[in-house]
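S.K.: Take this sequence and fold it.
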Amino acid sequence: MTGVRHPVIRTPDQRIRVFVSSTLRELAGERRAARAAIERMRLAPVMFELGARPHPPRELYRSYLDQSDVFVGIYAESYGWVAPGEDVSGLEDEYDLAPASMPKLIYIKTSERRDERLSQLIARIQADDTAAYLHFETADELEERITGDLATLLAERFDQSRGEDSLLTAEPSLAARIPAPYTETIGREGELAEIRALLAGGIHRVVSLIGPGGIGKSRLAIEAAHADADLFPDGTFFVPLEGVLEPGLLLPTIAYVLGIRDTGAAALEERIAQALGDRHVLIVLDNFEQIIDEAPVLVRLYTLAPRACFLVTSRSVLRIRGEQVFDVESLQTPETDAPITLAQALASAACVLFAERAEAAQPGFALTADNARDVIDICRRLDGLPLAIELAAAKIRLLSPHDIAQRLERSLPLLSSAARDLPDRHRTMGATIDWSVGLLTDVQRDMLQDLGVFAARFTLEAVESVGSGRSWGDDAIETLAALIDASLVQRIDSAGRSVFSLLAIVREYAIDALEARGEADAMRIAHADYYLGLVRRVSPRLRGAAQVDAVAELGLEVPNLRAAARHLVLTDRLDDAGDFAWTLLAYWWISGYFADVSLWMLELRAKEGAITERTLAIATFFPLWAEMWQRPSDQVVAGLGECVRLFTISGDEQAAAMTLAARASTRLQFPDLDPALARTELDDATERLHALGDGWGEALAEVALGLLGVVRRDIAEALAHFDRSIEIADACQDPFTRVVAGNNRARVYFAMGDLDASEREFLLTLRLSTRLHFVEGAAYGIEGICAIAAVRGEAWRAGALAAVAATIRETTGLFDVEGFAVYLEPLAALRETDPDGVAEGERAGVELSLSQAVRLALPDADLEEAVAAW
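M.R.: Okay, the predicted model is just below:
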């Protein structure tokens, strides 16, 4: 940090920001071209003309530069105005202030006359090896050059960033959580304007986009979230619900997207409410119809968070207070009583969509006078449904528009007739999928239906695994490629690997067909077996040196882990379901999925099938975990005691010892704590775990013993147990237990006045937390370093870190302020002596992202070490 601070002036949005420097009047046309190029790349132009600000011009562009990622300079003839008291013009000052590390793209307009000082500046730029420069003639040429150069720059930066941890290197831009549309949205300008008006008014808390499957609700919601990000300065979030079938998973799913991890420490609804607070956010809930009975939850959330708005896509109206229904209509098709002409087709959003998607399938396709009649006929027969049109357009590789139109004329009436009780558009969509699937071979059709058992995304390895014994099993790659060509399966790049997905409506079609064939359970079992095997292969790495990679690998599979758990319960493989849940105990804890598992275990217990004592213990344990932290009681202690008994009877001594430690931890929260009893149980659990060689469990049991020492105010005892826990964690090379133990030991060091030891510990836990994506661990590390900065009188740094810590507590719902927020007292003391410095830091800290806070907290050497580790 330089110590120099400028006013925080927010840029137009939170995407990658491109600062444009040029003389305003001389190059007005070129500036418009630059803005068009930047926005074509879906980046954010940073330009004075995008809005006046109550700050002097120099302070304005300094602050804009501080927030920008790329510098674009456009120079022609004028050097620009030199303000009184300044030595250089704003044009040169902007270039000088751009950090050396910021990419600089310079464009010089060809001219035979140029101000002498501008010529000198250009000569200096040409000698600067950190800047790239090109000449141009016209505004149109400039637009194309900027677009191409930005695309190349982003590709280079993306390659450089592979392997870097997102917590440190990626700005947590909330708008970036909204998926980027794979293709251009066509014909929805009016709807987008109406939705913006509904969201901008501040009256409607829930705007529901209602319509049948395939009409484009999700695409419209995504486009609206991108277009209206400026209305929600505290962020936009996208919550996909297509794989969420149990109503009880709505809150956990929303919480996870908001960055709240369910460790059982507090009720999720309370944590979400605290995280949202008075933040002005937009939360997009996609595919709500399958959990429609949970709609009243939204009323409770927006009551507790008065500035949160929800944009919901659903096939059914939610029927709750505060809902504004917006019916999503089909795309416009040409009027039936008007002459069929090329002009009519070009004026129709449906026909333009067909042409655009057909051109993507077969380059060179275009709407012409010869094919306009057939394209219009196709779009009319498909009722203007976007997905139906896209599926039809994909057939252009095999069929001409005339052939497609003829086949639809023969197929759609027949296919639609079987479901007269459905609305017309539902029948049309189902019939279109039927027709599209009818063009597949039998083997391709079998694979499509079998893929219905997968959740949102799946890998080729998973597909090949479930293909054993299926008609397509020996030709999985070729058959999958055919389904991709037919636009029934999508291929996506995720974390450097190829994954595949089905649209929600196609998945529904596939699973319905599989059910009709009587083979759904067989495929569910194959799916569950694959993921049960995956879990058993990965879970040993959840404890030890490979923990970071294991957590990341499982994180990519969460939707299918959920589906596998459902399949195991649904097919009455209850003991396998229990084993699945317990095997991933470490992952649920680290990543905060206890609510999900508790729900599965309650469903398991409601089944009538026979289960082993071990499965009953597991199904009892998980729901008690939340009770243990939120509502500790004698009943929870008794329930965990029963789990210990059942685990012991089943022969799982390791699980029995872990549960015994949990039972003792429950006692620690009682106001009338019996320290001797808690100590006896924790000693017993620790000895058992040590004898069993379970270093992960032993380290956590030692932490509980240390906390018992803290409660008893025996600091020496507490420190001894935290030391022992760290010794075990280091021996196992386990980041999670090292962070848990380290943060506790650092607090003890701080209480003892050993600032150097405390700082070393907090810095280490912060580095480990960033590697593990463990936000709460990082939060405690930042708070600790804030406390140390406060004691040392670093007012600005302490204030900035304190503001970040407060924001993290609000957005993640941490509730243990009294016990763990060690920075509050030293910061209050510093505020007495240097109120201005603390206040200035706090004002800056409010604008810092978590990654920026980590950089502020870590010394440069530590930061380089953390980044190099990836």
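S.K.: Please parse this protein into its domains.
M.R.: 17-161, 170-419, 442-518, 554-746, 777-868 (automatic domain parsing).
S.K.: Helix, strand, or coil at residue 207?
M.R.: With DSSP: H, G, I helix; E, B strand; the rest coil as the basis, the three-state label of residue 207 is strand.
S.K.: could you list every residue that touches it?
M.R.: Contact analysis of residue 207 by C-beta atoms under 8 Å, 6 or more residues apart in numbering lists 195, 198, 199, 309, 310, 311, 312, 323, 324, 326. All C-beta spots, glycine's among them, are computed from the backbone N, C-alpha and C.
S.K.: so how many other residues sit close to the last one?
M.R.: Pointing back at residue 326 there. Neighbour count of residue 326, defined by other C-beta atoms under 10 Å: 22.
S.K.: Please list all residues in contact with the closest residue to residue 846 other than its chain neighbours.
M.R.: Taking C-beta to C-beta, 6 or more residues apart in numbering, and ignoring the residues beside it in sequence, residue 846 has residue 803 as its nearest neighbour in space, at 5.0 Å. Residue 803 makes contacts with 841, 842, 843, 844, 845, 846, 848, as judged by C-beta under 8 Å, 6+ apart.
S.K.: Would you mind measuring from residue 803 to residue 586?
M.R.: 33 Å (C-beta to C-beta, to the nearest Å).
S.K.: any idea which helix or strand carries the closest residue to residue 456 other than its chain neighbours?
M.R.: Once flanking residues are discounted, residue 456 sits nearest to residue 559: 4.4 Å by C-beta to C-beta, 6+ apart. Following DSSP states H and E, one finds residue 559 within helix 558-570.
S.K.: outside of whatever helix or strand comes next after that helix, which residues touch it?
M.R.: Going down the chain from helix 558-570, the next helix or strand is helix 574-583, by DSSP H and E. By C-beta under 8 Å, 6+ apart, the list of residues contacting helix 574-583 from outside reads 528, 532, 535-536, 539, 564-565, 568-569, 588, 597, 600-601, 604, 607, 609, 611-612, 614-615, 618-619, 622, 655.
S.K.: roughly how far is helix 574-583 from the heart of the chain?
M.R.: Centre-to-centre, helix 574-583 and its host chain are 27 Å apart (C-alpha atoms, centre = their mean, to the nearest Å).
S.K.: after it, next one along is what?
M.R.: Counting by DSSP H and E, the next helix or strand C-terminal to helix 574-583 is helix 585-591.
S.K.: Only the C-alpha atoms, please, for that next one, written as CSV.
M.R.: Taking C-alpha atoms only, helix 585-591 is exported to CSV below (Å, rounded to 0.1, in the frame of the first residue of the first chain):
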residue,chain,number,x,y,z
LEU,A,585,-18.4,-36.0,6.6
ALA,A,586,-15.2,-33.9,6.1
TYR,A,587,-16.4,-32.4,2.9
TRP,A,588,-19.8,-31.5,4.2
TRP,A,589,-18.1,-29.8,7.1
ILE,A,590,-15.5,-27.9,5.1
SER,A,591,-17.9,-26.8,2.4
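S.K.: That one - what's its average pLDDT?
M.R.: For helix 585-591, mean pLDDT is 89.
S.K.: Next: stretch 251-271.
M.R.: Here the average pLDDT along stretch 251-271 is 76.
S.K.: Also stretch 729-742?
M.R.: For stretch 729-742, the per-residue pLDDT averages 96.
S.K.: and stretch 512-520, C-alpha only, in PDB?
M.R.: Taking C-alpha atoms only, stretch 512-520 is exported to PDB below (Å, rounded to 0.1, in the frame of the first residue of the first chain):
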ATOM      1  CA  ASP A 512     -40.200 -39.500 -18.400                       C
ATOM      2  CA  ALA A 513     -39.300 -41.700 -21.300                       C
ATOM      3  CA  LEU A 514     -37.000 -43.800 -19.200                       C
ATOM      4  CA  GLU A 515     -39.700 -44.300 -16.600                       C
ATOM      5  CA  ALA A 516     -42.100 -45.400 -19.400                       C
ATOM      6  CA  ARG A 517     -39.600 -48.000 -20.500                       C
ATOM      7  CA  GLY A 518     -39.400 -49.200 -16.900                       C
ATOM      8  CA  GLU A 519     -35.600 -48.700 -16.800                       C
ATOM      9  CA  ALA A 520     -35.400 -45.600 -14.600                       C
END
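S.K.: Pull out the buried residues from that stretch.
M.R.: Going by neighbour count (16 or more other C-beta atoms under 10 Å), the buried part of stretch 512-520 is 513, 514, 519, 520.
S.K.: Please apply the same query to stretch 230-237.
M.R.: For stretch 230-237, by 16+ other C-beta under 10 Å, it's 232, 235, 236, 237.
S.K.: a markdown table for those, including secondary structure and distance to residue 351?
M.R.: Below are the buried residues of stretch 230-237 laid out as a markdown table (DSSP: H, G, I helix; E, B strand; the rest coil; distance: C-beta to C-beta, whole Å):
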| residue | secondary structure | distance to residue 351 |
| --- | --- | --- |
| 232 | coil | 35 |
| 235 | coil | 37 |
| 236 | strand | 32 |
| 237 | strand | 35 |
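S.K.: can you redo the residues you listed as JSON lines with distance to residue 746?
M.R.: Shown next, in JSON lines, are the buried residues of stretch 230-237 (distance: C-beta to C-beta, whole Å):
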{"residue": "232", "distance to residue 746": "37"}
{"residue": "235", "distance to residue 746": "31"}
{"residue": "236", "distance to residue 746": "36"}
{"residue": "237", "distance to residue 746": "32"}
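S.K.: Could you identify the most distant pair in the residues you listed?
M.R.: Using C-beta to C-beta, the pair of those lying farthest apart is 232 and 237, separated by 9.5 Å.
S.K.: where do the strands sit along the stretch 51-200 of the chain?
M.R.: Assignment of strands within the stretch 51-200 of the chain using DSSP state E, counting those that start in this stretch yields the ranges 70-75, 104-109, 131-136.
S.K.: just flag whichever of those has the lowest average confidence.
M.R.: strand 131-136 (a mean of 82).
S.K.: what angle separates that strand from strand 70-75?
M.R.: Calculated by axes from the mean of the first three to the mean of the last three C-alpha atoms, to 10 degrees, strand 131-136 forms an angle of 40 degrees with strand 70-75.
S.K.: Parallel or antiparallel, which strands does strand 131-136 pair with?
M.R.: Sheet pairing of strand 131-136 (DSSP bridges) gives strand 104-109 (parallel).
S.K.: So for the strand it pairs with, what gets flagged as buried?
M.R.: Neighbour-count burial for strand 104-109 flags 104, 105, 106, 107, 108, 109 (criterion: 16+ other C-beta under 10 Å).
S.K.: hang on, residue 544 in a strand?
M.R.: No - counting by three-state DSSP, residue 544 is not part of a strand but coil.
S.K.: ok, it - how many residues close by?
M.R.: Applying other C-beta under 10 Å, we find 17 residues neighbouring residue 544.
S.K.: And for the one 10 residues further on?
M.R.: The burial metric for residue 554, expressed as a neighbour count using other C-beta under 10 Å, is 23.
S.K.: Now for the residue lying closest to it once chain neighbours are set aside, how many residues are close by?
M.R.: In space, and not counting its chain neighbours, residue 554 is closest to residue 587: 5.3 Å by C-beta to C-beta, 6+ apart. Per other C-beta under 10 Å, the neighbour tally for residue 587 reads 23.
S.K.: Where do the helices of the stretch 351-500 of the chain begin and end?
M.R.: Applying DSSP state H, counting those that start in this stretch to the stretch 351-500 of the chain gives helices spanning 372-381, 386-393, 401-416, 424-438, 442-450, 460-466, 476-485.
S.K.: I appreciate the help and will end here.
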